[in-house]
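Asks: Have a look at this prediction, sequence included:
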Amino acid sequence: MLKGDAEGRAQTDCMIHRLHDPSLTVEVHHFHMVSQELDRVEEVLIDMEDQWGELATMKLKTIRRLEMADVLQRMQDSVVTAQANIFAILGNKIVKNLKVFVEFSQSNNSVTTDQIT
């Protein structure tokens, strides 16, 4: 009865006015003010829930992007390490091949020199 539509509220106000009870009038007025404030706060909460949902979604997307960035960085680090290992292996093979070539060249030079003398 107190929380009716505008027409029902007008009838309630008229009946309360006829009772000539100031404390009842104040309490009903207080009820209506609190009800209006509650309705307003409820609307704000609904808007805030929507905003919260959007922010939570954005946060999760950001976390995923950060995780992916870390994965990409680790992959890049792994590639750099692999390249360094490959260059080290190739460098060692080149050094070994040069040693073999130098030894071979020296042995051929000594043979040629021995044959000449």
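Replies: Structure's in. What do you need?
Asks: how many other residues sit next to Asp13?
Replies: Using other Cβ atoms under 10 Å, Asp13 has 14 neighbouring residues. In short, each C-beta sits where N, CA and C put it, glycine included.
Asks: Spell out the secondary structure type for it.
Replies: Following DSSP: H, G, I helix; E, B strand; the rest coil, Asp13 is assigned to helix.
Asks: can you pull the contacts of it?
Replies: Val28 (Cβ atoms under 8 Å, 6 or more residues apart in numbering).
Asks: Which pLDDT value goes with it?
Replies: With respect to pLDDT, Asp13 has a value of 82.
Asks: and if you look at Thr113?
Replies: 52.
Asks: and if you look at His32?
Replies: Value for His32, per-residue pLDDT: 87.
Asks: so which strand or helix has it?
Replies: Using DSSP states H and E, His32 sits within helix 22-116.
Asks: Now do that helix: which elements does it pack against?
Replies: helix 6-19 (3 or more Cβ pairs under 8 Å, 6 or more residues apart in numbering; DSSP states H and E).
Asks: Can you give me the buried ones in the helix it packs on?
Replies: Using 16 or more other Cβ atoms under 10 Å as the test for burial, helix 6-19 gives Thr12, Ile16.
Asks: tilt between the helix or strand bottoming out on mean pLDDT in the chain and helix 22-116?
Replies: For the chain, scoring each helix and strand by mean pLDDT, DSSP states H and E identifies helix 6-19 as the least confident one, at a mean of 82. Orientation of helix 6-19 against helix 22-116 (axes from the mean of the first three to the mean of the last three Cα atoms, to 10 degrees) gives an angle of 140 degrees.
Asks: chain center to helix 6-19: distance?
Replies: Mean-position distance between helix 6-19 and its chain equals 55 Å (Cα atoms, centre = their mean, to the nearest Å).
Asks: quick one: low-confidence parts of the protein?
Replies: Low-confidence segments of the chain, defined by pLDDT under 70: 1-6, 110-117.
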